[in-house]
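A.B. asks: need a 3D model of the sequence below.
(2 chains)
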Amino acid sequence: QQQVKQSPQSLIVQKGGISIINCAYENTAFDYFPWYQQFPGKGPALLIAIRPDVSEKKEGRFTISFNKSAKQFSLHIMDSQPGDSATYFCAASNGQAGTALIFGKGTTLSVSS
Amino acid sequence: DGGITQSPKYLFRKEGQNVTLSCEQNLNHDAMYWYRQDPGQGLRLIYYSQIVNDFQKGDIAEGYSVSREKKESFPLTVTSAQKNPTAFYLCASSMTGSIYGYTFGSGTRLTVV
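C.D. replies: Residues are numbered from 1 along each chain as shown, chains lettered A, B, ... in the order given. Predicted coordinates:
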C-alpha cells in the first residue's frame, strides 16, 4: 500500500513532442503528489506538485493530471526540449508530520533533436 | 544562499570499513531525510528525523545509522553490516509537519571496493 508505481522506465521523444509519464498509488491517505526532475550527478529538484482537490495543474510546459478515483496521476511535458532530458520521479505522501515522501522508480527521458 | 550541503561528493572505502556521510542545511528546516538511489530502483528511504535527537527508520535502515544532535546536521554512517553499500546517497530536508519544499542536496557517491 505504500508503493508508488511509475511507468515507463525510459522514454524517447522527438523535440517538440509530448512526454507522458504515469504513476499509480494504492494508499488512499496520500494527499500530496510531487514530481521531481534529476540531472546526472545532481540531487532531484521539485518540478511541480498537486493536491487531490484539483484534477489538473499546469506550470509552463509541465502539467500534472490527477485521477482520484483511479488513483493515478501523470506528468505531461509539452513541446519537449533536449534540455528536458533527465530522470523524472513521481512521489506521494499523506503530508502529515512524521511521514516522508514515497518515490516511484523513475523515468529516464531522452529528447532527441 | 540557503541550501543543503553534502560532502564529500565522491567517497571510496574498503569493504568492512564504516564510513560517515555528511549532510548540513541552513534552511532552518526541522525535518531531514536520507535516501539511497540505485539504477532502476528509484529513491529508497533509509532514515528520517523530524526533530533534534529523534529519528525513525525508513524502508532500508539495516546496515545504516544516523544521529541528529543539531538541527542543521544529519550525518549518515554506512556500517560494515550493509551488504551492498555502493550507491548514490541523497540527503533532503523539509519544514516540520509538511513535506512541501522538500529540498535535496547534490548527493554523495559511495564506492566500496
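A.B. asks: so how many other residues sit close to residue B:12?
C.D. replies: 12 (other CB atoms under 10 Å in any protein chain shown). C-betas here are computed from N, CA, C, even on glycine.
A.B. asks: got it, and the one 3 residues further on?
C.D. replies: Using other CB under 10 Å, residue B:15 is surrounded by 9 other residues.
A.B. asks: okay, and it sits in which element?
C.D. replies: Assigned by DSSP states H and E, residue B:15 falls within no helix or strand.
A.B. asks: looks to me like residue B:32 is in a strand.
C.D. replies: Yes. Residue state for residue B:32 (DSSP: H, G, I helix; E, B strand; the rest coil) corresponds to a strand.
A.B. asks: pLDDT score assigned to it?
C.D. replies: pLDDT recorded at residue B:32 is 94.
A.B. asks: got it, and residue A:52?
C.D. replies: According to the model, residue A:52 scores 88 on pLDDT.
A.B. asks: for the closest residue to it other than its chain neighbours, phi and psi?
C.D. replies: Closest residue to residue A:52 apart from its sequence neighbours, by CB to CB, 6 or more residues apart in numbering or on different chains: residue A:68 at 5.1 Å. Per-residue torsions, residue A:68: phi -60, psi -40 (degrees, to the nearest 10).
A.B. asks: residues near residue A:68, how many?
C.D. replies: 12.
A.B. asks: test my guess that it contacts residue A:51.
C.D. replies: No. At 10.4 Å, residue A:68 and residue A:51 do not qualify as touching, with contact defined as CB atoms under 8 Å.
A.B. asks: okay, now residue 51: neighbour count?
C.D. replies: Unless you meant another one, I'm taking chain A. For residue A:51, using other CB under 10 Å, the count is 11.
A.B. asks: correction: the question concerned chain B.
C.D. replies: Counted with other CB under 10 Å, the neighbours of residue B:51 add up to 14.
A.B. asks: how about it, what does it touch?
C.D. replies: Contacts for residue B:51 were tallied using CB atoms under 8 Å, 6 or more residues apart in numbering or on different chains; they are B:30, B:68, B:96.
A.B. asks: show me which of the residues you listed neighbour chain A.
C.D. replies: With the criterion set as CB under 8 Å from any CB of the partner chain, the members of these near chain A are residue B:96.
A.B. asks: buried stuff in the lengthiest strand in chain B?
C.D. replies: Using DSSP state E to define each element, chain B has its longest strand at strand B:42-51. Counting neighbours by 16 or more other CB atoms under 10 Å in any protein chain shown, one finds that the buried residues in strand B:42-51 are B:42-50.
A.B. asks: after it, heading C-terminal, what element do we hit next?
C.D. replies: strand B:54-57.
A.B. asks: that following strand and chain A in contact?
C.D. replies: Yes. Residues of strand B:54-57 contacting chain A under CB under 8 Å from any CB: residue B:56.
A.B. asks: by contact count, what packs against that strand?
C.D. replies: Judged by 3 or more CB pairs under 8 Å, 6 or more residues apart in numbering or on different chains; DSSP states H and E, the packing partners of strand B:54-57 are strand B:42-51.
A.B. asks: how about low-confidence regions in the chain?
C.D. replies: Reading this off chain A. Within chain A, the ranges that satisfy pLDDT under 70 run A:1, A:95-98.
A.B. asks: you answered for a different chain; I wanted chain B.
C.D. replies: The model of chain B has pLDDT under 70 over residues B:1, B:97-101.
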